[in-house]
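*Asks:* Okay, predicted coordinates and the sequence, questions at the end:
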Amino acid sequence: MTSLPRVDIAPFLADPHSVAAHDFAVGLTTACHEVGFVYLVGHGVDAGLERDVFGAARRFFALPEADRMQIVNTNSPHFRGYTRLGHEHTNGVSDRREQIDIGPERDEPVVAADAPRWMRLRGPNQWPAAVPEMRPVVSAWMDQMAVIGRAVLNALAVGLGQPAELFDPVVSPDPEVLVKIIRYPAGPAGDDARQGVGAHHDSGLITFIMQDEVGGLQVLSGDAFIDAPQVPGAYILNLGEMLQLATDGYLRATKHRVVSPDAGRERVSIAYFFNPSMEATLAPVALPPALAALAPGGQNANPADPVLSTYGDNWLKFRLRSHPDVAAIHHRDLIEH
């Protein structure tokens with residue numbers, strides 16, 4: 001394979017019970033089994049709103065460091081806010097990117113001593129005062145993306161031979177969405193690694209990536225990585241480990257990475273993660289025999305990094321590992337035991 005398949009969700013959004021919608025669901029599910037990544041077109045998200053999100057992102061990253069640091073994520077026990085260049089890690093190696101993490105807007109929680117540890121991840125966002133339009137623009141875009149997230153989840157259920165509402169309980173009452181607004185500066189001269197983001201699987205259900213025209217995203221196909229450049233009007237869609245686990249590996253969480261841009265360039269991308277509610281546990285899907293015969297097993301191949309069936313536990317594992325500075329300040333009791 002040299003390029004990602006392209007699928008059109010418009011028929012499913014128009015009438016999820018139509019023949020064309022069923023064909024989309026089967027095609028999407030097959031692609032997510034064979035490749036794990038697709039270009040999603042026909043989604044209907046407001047193109048003007050997408051431009052506004054990119055505009056707010058670029059204005060933020062152009063701010064003086066002191067303004068960006070006002071919302072630094074080490075202020076937040078919920079891992080929200082601005083991550084400085086090199087302060088997120090993949091596979092124990094520093095990633096060459098800076099970003100803002102934004103999740104569901106909630107009040108500061110009161111967490112009882114015997115509450116699940118993942119309760120600490122819920123709470124308020126940090127928004128930049130110097131870019132006041134970011135909050136309404138990003139919030140409006142998140143609302144539109146949630147519609148697409150639910151539709152894709154319904155379509156995958158249909159493609160697996162199940163009722164469309166199969167996965168609805170795990171994203172009810174509210175999915176634990178996450179937005180990452182990311183800037184990748186050019187790789188340093190002489191650095192052959194150029195790790196914008198190291199090779200990894202996503203942890204939740206579905207990821208949507210909106211990227212600019214600067215390349216860098218690469219997807220593992222067989223033993224090699226292939227480029228996944230921007231297709232105007234399309235989101236790149238890929239799946240996380242929770243769907244891989246629930247389908248015994250029929251649906252794939254495919255490894256991917258980002259290579260730093262060439263000298264004189266930068267890359268901006270916006271990633272939207274449509275994830276289960278924190279308390280949700282995904283039950284195994286009873287696949288039709290023809291699909292079950294193609295399922296290789298859903299557990300992570302690394303026994304030291306198991307996929308946990310309750311999403312909050314899985315998400316907390318990722319956050320503590322990816323942001324050791326936040327973990328050391330706010331969650332030392334969790335990393336010392």
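*Replies:* Sure thing, it's come through. Numbers count the residues shown, from 1 in each chain.
*Asks:* and the nearest residue to residue 53 once chain neighbours are set aside, how many neighbours?
*Replies:* Once flanking residues are discounted, residue 53 sits nearest to residue 141: 5.1 Å by C-beta to C-beta, 6 or more residues apart in numbering. Backbone N, C-alpha and C define where each C-beta goes, glycine included. Using other C-beta atoms under 10 Å, the number of residues around residue 141 comes to 21.
*Asks:* Then residue 92?
*Replies:* Count around residue 92 with other C-beta under 10 Å applied: 8.
*Asks:* Quickly note the distance from it to residue 294.
*Replies:* Applying C-beta to C-beta, to the nearest Å, the value for residue 92 to residue 294 is 33 Å.
*Asks:* Now the phi/psi pair for residue 195, please.
*Replies:* Reported as degrees, to the nearest 10, the phi and psi values for residue 195 are phi -80, psi 100.
*Asks:* from what I can see it touches residue 97, true?
*Replies:* No - with contact defined as C-beta atoms under 8 Å, residue 195 does not count as touching residue 97 (9.1 Å).
*Asks:* The two: which is more packed in?
*Replies:* A side-by-side neighbour count of residue 195 and residue 97, using other C-beta under 10 Å, places residue 97 first with 24 against 21.
*Asks:* who's in contact with the more buried one?
*Replies:* 83, 85, 88, 182-185, 196-197, 258 (C-beta atoms under 8 Å, 6 or more residues apart in numbering).
*Asks:* hey, what's the residue lying closest to it once chain neighbours are set aside bridged with?
*Replies:* Once flanking residues are discounted, residue 97 sits nearest to residue 184: 5.0 Å by C-beta to C-beta, 6+ apart. Counting by DSSP bridges, residue 184 is bridged to residue 267.
*Asks:* residue boundaries of the helices in the stretch 201-337 of the chain?
*Replies:* 241-246, 289-292, 311-322, 324-330, 332-335 (DSSP state H, counting those that start in this stretch).
*Asks:* Going by contacts, tell me the helices and strands next to the first one.
*Replies:* Going back to what we said before, that points to helix 241-246. helix 311-322 (3 or more C-beta pairs under 8 Å, 6 or more residues apart in numbering; DSSP states H and E).
*Asks:* So which bits of the helix it packs on are buried?
*Replies:* Residues of helix 311-322 classed as buried: 311-312, 314-320, 322 (neighbour count, 16 or more other C-beta atoms under 10 Å).
*Asks:* quick one: contacts for residue 43?
*Replies:* 9-10, 13, 148, 235.
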